[in-house]
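[1] need a structure here:
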Amino acid sequence: MFADTLDEVRPPSLRSSISDENGMVDGMATKKYTVTLPEELAEAIRAEVGPGGFSRYVTQAIERRREQDRLGELVDWLETEYGPVTEEELAAAEAERKKIERAHAERVRAERVTEQQAGQERHVA
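    Next up is the predicted model:
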């Protein structure tokens, strides 16, 4: 019961995996492997993810690393094809990122104000 309660409050990415009788987790076949990890790191992860979440956490970490490796390969290929990114292009991209970040923060602030106003109106009515 306690693990179910923890799964309800954890983000989906940290919820326990449930394997079926065919050894499937989230639609993928699984196989046990032995890996060596620093004890302190492994215990910290186990404490964070709770019972049944350790394998999922490790799987997601490996998947993320593979994605980063593929992105690195893409960057290498693009730079080979088109040349390295210039300082001007980096500055333009950073300016665009900051602009998007500011717009997002403003939208979140406006939504909070609207929610607060709606809550106050409900209390008054």
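[2] only C-alpha atoms from now on, for both contacts and neighbour counts.
    OK.
[3] in the host helix or strand of Y57, what's buried?
    Using DSSP states H and E, Y57 maps to helix 54-82. By neighbour count on 16 or more other C-alpha atoms under 10 Å, the buried set for helix 54-82 is 54, 56-57.
[4] by contact count, what packs against that helix?
    helix 39-49 (3 or more C-alpha pairs under 8 Å, 6 or more residues apart in numbering; DSSP states H and E).
[5] circling back: run the chain-centre distance for the helix holding Y57.
    14 Å (C-alpha atoms, centre = their mean, to the nearest Å).
[6] assign a three-state SS to P84, would you?
    Following DSSP: H, G, I helix; E, B strand; the rest coil, P84 is assigned to coil.
[7] which one's the longest helix in this protein?
    helix 87-124 (DSSP state H).
[8] just the mean pLDDT for it, thanks.
    The average pLDDT within helix 87-124 is 92.
[9] for that helix, enumerate the helices and strands it packs against.
    Here helix 87-124 touches no other helix or strand, going by 3+ C-alpha pairs under 8 Å, 6+ apart.
[10] next, the buried residues of that helix.
    Of the residues in helix 87-124, none is buried (16+ other C-alpha under 10 Å).
[11] could I get the buried residues of helix 54-82 as CSV with distance to K99 and pLDDT?
    Formatted as CSV, these follow (distance: C-alpha to C-alpha, whole Å; pLDDT from 0 to 100):
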residue, distance to K99, pLDDT
F54, 38, 93
R56, 35, 92
Y57, 33, 95
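[12] what is the nearest of those to A105?
    Ranked by distance to A105 (C-alpha to C-alpha), these are led by Y57 at 29.8 Å.
[13] for the closest one, give its distance to I45.
    Y57 is 8 Å from I45, where distance means C-alpha to C-alpha, to the nearest Å.
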